[in-house]
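[1] sequence and predicted structure, then a few things I'm wondering about:
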Amino acid sequence: MATKIIMPKLGMAMKEGVVTRWLKGDGETVAKEEPIAVIMSKKITYTVTSPAAGILRVLTRAKETRPVGATLAYILAPGETIPAVEEETPETPIPSVAATAASAPPQSSSQASGFVLASPAARRLARERGVDLASVPGSGPEGMVTEGDLQRFLEQRDRGAAAAPPLATSAARRLAEERGVRLEELSGTGPGGRVTEEDVLAFLGSREEKAPPRPAPPPSRTIPFTGVRRAVAEHMVESLRTMAQLTLQMEVDATELVKLREQLKSDLDITYTDLMVKAVATALRRHPLLNASLVGEEILLLDSIDIGIAVALDDGLIVPVVRNADTLSVAQIAQEARRLARGAREGTLSVDEVTGSSFTITNLGAYGIDGFTPIINSPEVAILGLGRIAEKPVVSGGEIVRRSMMVLSLTIDHRVVDGAPAAQFLGTLRGLIESPYRLLM
């Protein structure tokens, strides 16, 4: 009996995911529990394993976005055929593998069996404006229709253009744009009159025979705005759009904190961030309004103090969570933070390990930054930015002395937290930093 492989729900807020790659090919034999695909949500990367032994038949292409619950593939018994696939959503019909393989042109597989590869933003705009995506030439990877493609199509349609833009492969469009060629001037030799890269090259060859040669433009490099980077961007924009964010900064004397770390690091692999997690958790117990979430018409004061620590990856940020940080010792926090950071960089963290924080810490001190304006990790109501610890001349007791100073940057959601309680929280935190031995009690 055929067994479905569906897009899993990796968190309460997840609506769609991306199949980043297939670990087994279409038609290959797989064993039960064998890894077969890698899925990416807005927060984590997840490896899908086969629920049964059999033959894998893939329905969804790599790098394609699919809604939660959509059928990605089937596991079939030998000789079994793919069941008829129903359309899970009206916006993303699923083509059969057989039809895709038989009818897809070599330049792009996105038009196979009536299926159009398009970004979620393009699909939303197409529904709003009543546009058939099959009529829109795509310039994205594998011919994907992007939001920009659809906007250009709508502009031409609204201007009353006599005809739709010429069909062309993504490679032909890139080459034409680089070399200043208008696709309307070309006759396509590809399927359905589609302009191919060879058509553009032929046109350039004939034009260069009539004109003196000129140097080609320097090559350009692009980075796809997808995956974790896009997810972080959308989350940050939504946070700024929905909150009244205000950043308060305070310079504190971290001289004793530096001494404490020097004493501890001979026995413990401990960082300033580990000490600050303990200090923040202790301060939050005294100032519960900053350990809260705004949900609808209610401010939820959270009993558990779960500290998220922002970790920088090559393609974005991820925030692993130290649970019940106020109940852990500094040594336990250091051990847990090290485990989470390693898992974040290896992509092995679970959903629970990167969601559900009640307060976030982000440290840019290692990069030489003093103060900055961190953006709140919603639905939290505050985030603390740590700057570098630098030696400075300070007036103390009427004398100029050398002290290790650090800037704390606290961003609050002003809808929930006013400036006064935020300043009181920073005052408590300053006291713990200036007398850090209390953190070991």
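    Thanks, I have it.
[2] tell me the SS of the residue positioned nearest the centre of the chain?
    What sits nearest the mean C-alpha location of the chain, by Cα atoms, centre = their mean, is Val228, with 2.2 Å. Of the three states, Val228 takes helix under DSSP: H, G, I helix; E, B strand; the rest coil.
[3] contact partners for it?
    Residues in contact with Val228 (Cβ atoms under 8 Å, 6 or more residues apart in numbering) are 40, 313, 315-318. The C-beta positions use only the backbone N, C-alpha and C, and glycine is treated the same way.
[4] just read off the phi/psi values of Leu313.
    Phi and psi for Leu313, reported as degrees, to the nearest 10, are phi -110, psi 170.
[5] surely it meets Arg345?
    Yes: Leu313 is in contact with Arg345 according to Cβ atoms under 8 Å; the separation is 6.6 Å.
[6] show the low-confidence segments of the protein, by residue range.
    Regions of the chain meeting the criterion pLDDT under 70 cover residues 11-13, 42-43, 84-115, 141-142, 158-165, 192, 207-217, 219.
[7] let me see the domain layout of it.
    The chain resolves into domains spanning 3-106, 122-210, 227-440 when parsed by automatic domain parsing.
[8] closest to Pro218 out of those?
    Each of the domains of the chain has some distance to Pro218 by Cβ to Cβ; the shortest is domain 122-210, at 10.2 Å.
[9] between the domains of the chain, which gets nearest to Ser220?
    Put simply, out of the domains of the chain the one that sits nearest Ser220 is domain 122-210, at 8.1 Å, with distance taken as Cβ to Cβ.
[10] neighbours around Met40, how many?
    The criterion is other Cβ atoms under 10 Å. On that basis, Met40 has 21 neighbouring residues.
[11] let me redo that: Leu429
    In terms of burial, Leu429 registers 23 neighbours under the definition other Cβ under 10 Å.
[12] and it, that one's in a helix?
    Yes: note on Leu429: a helix contains this position according to three-state DSSP.
[13] now do the contacts for it.
    By Cβ under 8 Å, 6+ apart, the contact set of Leu429 is 252, 279-280, 283, 384, 408.
[14] the same query, at a cut-off of 10 Å, please.
    With Cβ atoms under 10 Å, 6 or more residues apart in numbering as the criterion, the residues that contact Leu429 are 250, 252, 276, 279-280, 282-284, 286-287, 384, 408, 410.
[15] cool, Asp314 as well?
    If you count contacts by Cβ under 10 Å, 6+ apart, Asp314 has them with 228-229, 345.
[16] repeat for Glu34
    By Cβ under 10 Å, 6+ apart, the residues touching Glu34 are 23-24, 28, 49-50, 53, 56.
[17] cool, Leu76 as well?
    Leu76 makes contacts with 1-3, 27, 52, 54-57, 82-83, as judged by Cβ under 10 Å, 6+ apart.
[18] just grab the bridge partners of the closest residue in space to it that isn't next to it in sequence for me.
    Nearest residue to Leu76, sequence neighbours excluded (Cβ to Cβ, 6 or more residues apart in numbering): Ile55, at 4.9 Å. According to DSSP bridges, the partner residues bridging Ile55 are Thr29, Leu76.
[19] count of residues packed around Ile55?
    Count around Ile55 with other Cβ under 10 Å applied: 17.
[20] quick one: contacts for it?
    24, 26-30, 74-80.
[21] picking that back up, report the two of the contacts of Leu76 separated the most.
    When the contacts of Leu76 are compared pair by pair using Cβ to Cβ, the maximum separation belongs to Met1 and Gly27, at 18.5 Å.
[22] close enough to count as contact, Arg124 and Glu147?
    Yes: counting by Cβ atoms under 10 Å, a contact exists between Arg124 and Glu147, whose distance comes to 8.5 Å.
[23] any shared contact partners between those two?
    Both Arg124 and Glu147 are contacted by Ala118, under the criterion Cβ under 10 Å, 6+ apart.
[24] neighbour count for those two, which is higher?
    Glu147 (17 against 14).
[25] distance to Glu298 added to the contacts of Ile55, as JSON lines?
    Listed next are the contacts of Ile55 as JSON lines, based on distance: Cβ to Cβ, whole Å:
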{"residue": "Lys24", "distance to Glu298": "47"}
{"residue": "Asp26", "distance to Glu298": "49"}
{"residue": "Gly27", "distance to Glu298": "53"}
{"residue": "Glu28", "distance to Glu298": "51"}
{"residue": "Thr29", "distance to Glu298": "53"}
{"residue": "Val30", "distance to Glu298": "47"}
{"residue": "Tyr74", "distance to Glu298": "44"}
{"residue": "Ile75", "distance to Glu298": "45"}
{"residue": "Leu76", "distance to Glu298": "49"}
{"residue": "Ala77", "distance to Glu298": "52"}
{"residue": "Pro78", "distance to Glu298": "56"}
{"residue": "Gly79", "distance to Glu298": "57"}
{"residue": "Glu80", "distance to Glu298": "52"}
